[in-house]
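Trainee: sequence unavailable; structure follows:
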């Protein structure tokens, strides 16, 4: 499963795809997506991007449970350097909320994708 996350001042989003291979070849299919409107109070973009990452982690977990099968890999994609650095660093440095929401919830498999290739960018852009 590949989950892309992004945010803007208007909202944040997550989009999940599944990639599988069978005798006919390799296939990719949209599994699900989730969007939320940004809070009314002014919120910094890095925090909105983090909220998008949390949304993506929760979406991936829900989709995996609904599939009824254990996936071999779950990869998360973001164009945010802040989210990526949080996910790749020692979780003891952060408040419990960050460690629980992003790090424990996703098995620390976050990768960077340029904004121009982030499919979640199209949703919140």
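Mentor: Here it is on my side, so go on. This is a predicted model, so every value here is computed, not measured.
Trainee: surely residue 26 and residue 19 touch.
Mentor: Yes - contact status for residue 26 versus residue 19: in contact at 6.8 Å, counting by Cβ atoms under 8 Å. Every residue, glycine included, has its C-beta placed from N, CA and C.
Trainee: so if I had to pick from those two, which one is more boxed in?
Mentor: A count of neighbours by other Cβ atoms under 10 Å puts residue 19 above the other of residue 26 and residue 19, at 12 against 8.
Trainee: contact partners for that one?
Mentor: Contact analysis of residue 19 by Cβ atoms under 8 Å, 6 or more residues apart in numbering lists 1, 2, 26, 27, 28.
Trainee: narrow these to those that are buried.
Mentor: Neighbour counting over the contacts of residue 19 (16 or more other Cβ atoms under 10 Å) leaves 1, 2 as the buried ones.
Trainee: which ones among the contacts of residue 19 are found in helices?
Mentor: In helices, judged by DSSP state H, none of these are found.
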